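Colleague: Prediction below, plus the sequence it came from.
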Amino acid sequence: DPALENAIVDAISHLRAFNEQLLERASDWQMEIENGLTAGEKITPISSVGLFVPSGKASYPSVAYQLGVPAVVAGVKNICLVVPPVPGGNGEVDPAVLVVCRLLGITNVFRINGPAGIAALGFGTETIPKVRKVVGPGSPAVTLAQVEMQRHGLATMMLLGPTESLVLADHTAHVGRLASDLLIEAEHGTDSSVVFVTNSEALIDAVEEELQIQLADLPPVRAEACRASLGPNGGAVLVASLNEAVDVANMYAPEHCQVAVDAQYEDQVVDAIINAGEILIGQHTPFSAGNFLIGCPASLPTSGFAHVSSGITVDTFLKRTAIARANEPALRRMSESIITLADHEGFPAHSNAIRRRFQA
């Protein structure tokens, strides 16, 4: 499908630009801490990575490029991509995922189911190379496999669970667009969660009415997912002020967050939200644009992990190595403090290494 390939190329170009800018900012550095003592870091790519692209509910070529582009831009030499066969097929992999791999130059592509794929990447097999790190969203079984494999030395960045979103809006928001944007993440599955936070009770009522209209346009399986995501898994939160709305957002720490408030309050609200995988500003920036094309990361922390972690970018595939150099006068100046600390902690070899250098 030429249109689909063109869309993939469009998305890859945005992701590449975003991650190349991040890579440029992540440069080697050093400083002089005191006379004769320099310290800094060099930044290098990890040696190998496994990318897991899910295919349990549907096929997700967007996940392939969201994971693949940052790894390629980082310069990871050995990249393996594992993907289950498309659901309801005859064992084939979605050709769109293979197009992504071709465009990115990823040649180690393996068809294998989720938990087995994670294990294969961690241990290595006759056909699947062992890697140092694995990333990618998946079912609870895939998530548990990633947790288990950490006991065997396979690193992972974070646990990417069922999707979630929070929309923070005031009375100025367009009701139809609000309803549409609430349904975006809601349609992922019956385990998704969507929360609507506003200081306008009238807006909640209007959006509820509009949701019923728009739900009727969705296939039954997607409508069922939306009702679960917006009902028992999510819902509307009425607050007294935008400040209280921000407090709710920060406590929830959503994977996806959209702010749709009066323009004069946008910057204030966005600056105050500190716990979110992403913040999309305004009703011209829906979650679907972020998921597929904008270029910001779309594989984001879920289940409250936005309190402590970030989305998958080029930084996920880089490591920092500290580098330091001291000359003799600098080491002599530090020697008394080093010996004092080593003696206090009971490490005589540490202190002797300094004493013997400067014995008269």
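Modeller: Nice, I can see it. Numbering: from 1, shown residues only.

Colleague: which parts of stretch 202-216 are buried?
Modeller: Applying a neighbour-count criterion of 16 or more other CB atoms under 10 Å, one finds L203, I204, A206, V207, E210, L211, L215 buried in stretch 202-216. (C-beta placed from N, C-alpha, C; glycine too.)

Colleague: Tell me who's in contact with H350.
Modeller: H350 makes contact with I338, A342, according to CB atoms under 8 Å, 6 or more residues apart in numbering.

Colleague: what about 10 Å?
Modeller: By CB atoms under 10 Å, 6 or more residues apart in numbering, H350 lies in contact with I338, I339, L341, A342, D343.

Colleague: confidence score at it?
Modeller: The score at H350 is 97. That number is its pLDDT.

Colleague: Against R333, how distant is it?
Modeller: Applying CB to CB, to the nearest Å, the value for H350 to R333 is 17 Å.

Colleague: Now the host helix or strand of L67: average pLDDT?
Modeller: Element membership for L67 (DSSP states H and E) is helix 61-74. Helix 61-74 carries an average pLDDT of 96.

Colleague: Using CSV, write out every CA atom in it.
Modeller: Taking C-alpha atoms only, helix 61-74 is exported to CSV below (Å, rounded to 0.1, in the frame of the first residue of the first chain):
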residue,chain,number,x,y,z
PRO,A,61,3.9,-1.0,12.8
SER,A,62,3.9,2.3,14.7
VAL,A,63,5.5,0.5,17.7
ALA,A,64,8.2,-0.8,15.4
TYR,A,65,9.3,2.6,14.3
GLN,A,66,8.8,4.2,17.7
LEU,A,67,11.3,1.7,19.1
GLY,A,68,13.5,1.2,16.0
VAL,A,69,14.2,4.8,15.1
PRO,A,70,15.8,5.8,18.5
ALA,A,71,17.9,2.6,18.5
VAL,A,72,19.2,3.3,15.0
VAL,A,73,19.9,7.0,15.7
ALA,A,74,21.7,6.0,18.9
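
Colleague: could you pull out the helices for this protein?
Modeller: 2-25, 61-74, 95-104, 114-123, 140-149, 175-186, 201-215, 220-230, 242-252, 263-272, 287-292, 328-345, 348-358 (DSSP state H).

Colleague: Specify the stretch among these that is closest to H307.
Modeller: H307 lies closest to helix 242-252 among the helices of the chain, at 8.6 Å (CB to CB).

Colleague: got the angle between that closest one and helix 263-272?
Modeller: 30 degrees (axes from the mean of the first three to the mean of the last three CA atoms, to 10 degrees).

Colleague: For helix 242-252, give me every contacting residue.
Modeller: By CB under 10 Å, 6+ apart, the list of residues contacting helix 242-252 from outside reads 164, 166-170, 193, 195, 197-199, 237-239, 241, 254, 257, 259, 261-262, 265, 268-276, 279, 304, 306-307.
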